[in-house]
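Undergrad: The amino acid sequence is not available; the structure is as follows:
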């Protein structure tokens, strides 16, 4: 997430919005494996709004660390709208944060199925008491899919924080 011609990067925008609204943020990450947290802490002053984060790569970790219901994982799978929803809300609850982000998907190159192909990713954002989940169908290398997921979840967070600010 490079700075674009004098504009703030997405992560700088998110941190600025969080500071302005006196909110804190966390993440529960599966396919991004800590990249969301790593991107946020690239911003000087991120420690004012970011205290902890969770890499929940396994189903057991999703359940134990951020409270994803075992029944959700059995019925819908780790890569699902329902799991992304519970990860975002659960991360915020577990960390005592105002904002929770989530990512769960198949970054490849293997692991895809016809129903859930490589590049299928769900991202979630919990802000102001509500959760939005988006389904992404990404293409490229494993690294590109992971980077594009981070960009998409930060964009979703910025949009929801701006909407929350208007209230």
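TA: In hand now; what should we look at? Every value quoted in this text rests on a predicted model; they were computed, and no experiment measured them. Residues are numbered from 1 along each chain as shown.
Undergrad: List the backbone torsions phi and psi for residue 99.
TA: phi -130, psi 130 (degrees, to the nearest 10).
Undergrad: Give the full set of residues in contact with it.
TA: 18, 23-26, 92, 125-127, 157, 161 (C-beta atoms under 8 Å, 6 or more residues apart in numbering). (Glycine included, C-beta is placed from N, CA and C.)
Undergrad: Now flag whichever of those residues is closest to residue 79.
TA: Nearest to residue 79, judged by C-beta to C-beta, of the contacts of residue 99 is residue 125 at 17.2 Å.
Undergrad: How many residues are close by residue 119?
TA: 20 (other C-beta atoms under 10 Å).
Undergrad: whoops, I mixed them up, residue 166
TA: Neighbour tally, residue 166, other C-beta under 10 Å: 5.
Undergrad: thinking again about what came up before, what about the contacts of residue 99, which are in strands?
TA: Using DSSP state E, the subset of the contacts of residue 99 located in strands is 25-26, 125-127.
Undergrad: What remains of those residues if I keep only buried residues?
TA: Listed as buried from the ones in strands among the contacts of residue 99 are 25-26, 125-127; burial here means 16 or more other C-beta atoms under 10 Å.
Undergrad: my guess is residue 38 is in a strand, correct?
TA: No - judged by DSSP: H, G, I helix; E, B strand; the rest coil, residue 38 forms no part of a strand; its state is helix.
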